[in-house]
Structure formats: structure tokens, C-alpha cells
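A.B. asks: The sequence isn't on hand, but the structure is:
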Ligand SMILES: Cc1cc2nc3c(=O)[nH]c(=O)nc-3n(C[C@H](O)[C@H](O)[C@H](O)COP(=O)(O)O)c2cc1C
């Protein structure tokens, strides 16, 4: 699959088959993720992969903490979200809602508990960065994560980035024995998507190209 096709076909999967992912395939994908560009080649990204009982243990922990604290997905902006951004988020929720409602689970509960359980994916990835880096290095992490998502897509796997669980970053750090010098910046669910699940059949919208690109020539 060429890169542009992977970009166009990728979407976040929120239901996975139990089918295990071969270790060499996962390693190949991380080799790709590690090839991302970064400022002065710092490569500030670090990944922890959890599978099997290790992943299940983390999921149990996250669900337990979530039941107590109930953090929900939000924009996390310092001020009120301008309408044009809010509308995009509303539209994504609207597109996903019918498939989620058919499962008989409230939308927020599906997203929150699903996120905490990596949507049942066999592979859970925790993305971390050393705290000594300035926040601008999140940009480099984002590039590497994008490489990872696309590499996975190209290899027939699906993914879902999971930011919600960073609210429980301290507990995740303890569970994976992360030193205090490092911070949890993202989770990623990875595996073979259950293509029969309706929630995986929805595709979120995007602004037309003209809305995001300005030309001067
Ligand atoms: C940084 C980041 C954090 C995200 N966090 C979550 C999350 O916690 N739970 C979830 O279900 N999806 C999460 N997503 C997935 C987005 O909801 C999704 O990418 C967006 O709606 C666009 O849909 P698509 O990925 O299917 O194209 C996150 C995506 C990104 C990039």
C-alpha cells in the first residue's frame, strides 16, 4: 500500500479481533515509527508495548481508576473552544453515535471505558517522553506516532490513538515502571480491526483542502 492510500484509508478502530499480532510485524512498525524526522535528530519518542497478561493488568487498573475519577475526553483548551472547532468535534460524535447506540451503551461510556481498555486490541502502546524536553517536542512525538499509525495501516493493522488515559499517567507510569523523569503522552491501541463491528464502519469527516491550505504564488 502506498503512503497516500494508507493516509486516506486509515481511521481509528474501536473494536478488534482477538487475533494476535506477530512480534516481527510489530517490530517492523516500530522501525518505521523510529524513522520519523525530529529536531536535530533528538528522536524524543519512547514506546512501551504491552500484550497478554501485562496489557490485561494495565486495562484492569485503568478501568478501576476510571470508575473512581471518571475523566472524559475533552479539548483541554485554556479558553472556550471556538465554534468552528467545536462543530468538527460534534460532527465526529454524530457520525459515530448511531453505531455506538446500537450496542446499547451510552456514547461517553463507550469512549471512556473503551479507551481505558484499548478497545480490546491485543497490543497496547504507551508513548512516553523525557520531561526534560520542552513541550514543542510533542511535535516530534506526533510525527513518529503518525508514522506508526500509517505503518500499521500499511501492514493491514488498525490503530486508535488514546489520549484520555494520559489523565491517569502517574498510575500508568507506576504500572510500567517508568522513571519519574518520563511522562506518558499517549496510548495507542493496535491490532486487527473487527471489520464486522459497525463502529469501525464509520469514517469521520475532514475539512475540504481549501479550508486548511493558503496559497501565495
Ligand atoms: C492525540 C489524540 C488523542 C486521541 N484520544 C482518543 C481517546 O482517548 N479515545 C478515543 O476513542 N479516540 C481518541 N483519539 C482518536 C480521535 O477521536 C480520532 O482520531 C478523530 O476523531 C478522527 O477520526 P479518525 O482517527 O477515525 O480519522 C485521539 C486521537 C488523537 C490524535
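C.D. replies: Cool, the structure landed. Predicted, not measured: the structure shown is a model, and the values here were computed from it. Residues are numbered from 1 along each chain as shown.

A.B. asks: for residue 185, helix, strand, or coil?
C.D. replies: strand (DSSP: H, G, I helix; E, B strand; the rest coil).

A.B. asks: Wait, it touches residue 128, no?
C.D. replies: Yes. In terms of CB atoms under 8 Å, residue 185 counts as a neighbour of residue 128; the distance is 6.3 Å. C-beta coordinates here come from the backbone N, C-alpha and C atoms, glycine included.

A.B. asks: Comparing those two, which shows the higher neighbour count?
C.D. replies: residue 128 (23 against 20; other CB atoms under 10 Å).

A.B. asks: I'd like to know how many residues surround residue 154.
C.D. replies: Counted with other CB under 10 Å, residue 154 comes out at 19.

A.B. asks: Now do the contacts for it.
C.D. replies: Listed by CB atoms under 8 Å, 6 or more residues apart in numbering, the contact set of residue 154 reads 1, 3, 6.

A.B. asks: So which bits of this structure are right by the ligand?
C.D. replies: 11-12, 73, 92, 111, 115, 160-164, 186, 204 (CB under 6 Å from any ligand atom).

A.B. asks: In strands only, show me these.
C.D. replies: 160, 161, 162, 186 (DSSP state E).

A.B. asks: ranking those by neighbours, who comes first?
C.D. replies: residue 162 (26 neighbours).

A.B. asks: So for that residue, what's the nearest residue that isn't a sequence neighbour?
C.D. replies: Spatial nearest neighbour of residue 162, chain neighbours left out: residue 187 (3.8 Å); criterion: CB to CB, 6 or more residues apart in numbering.

A.B. asks: Quickly list what the one you found is bridged to.
C.D. replies: With beta bridges defined as DSSP bridges, residue 187 has these partners: residue 126, residue 162.
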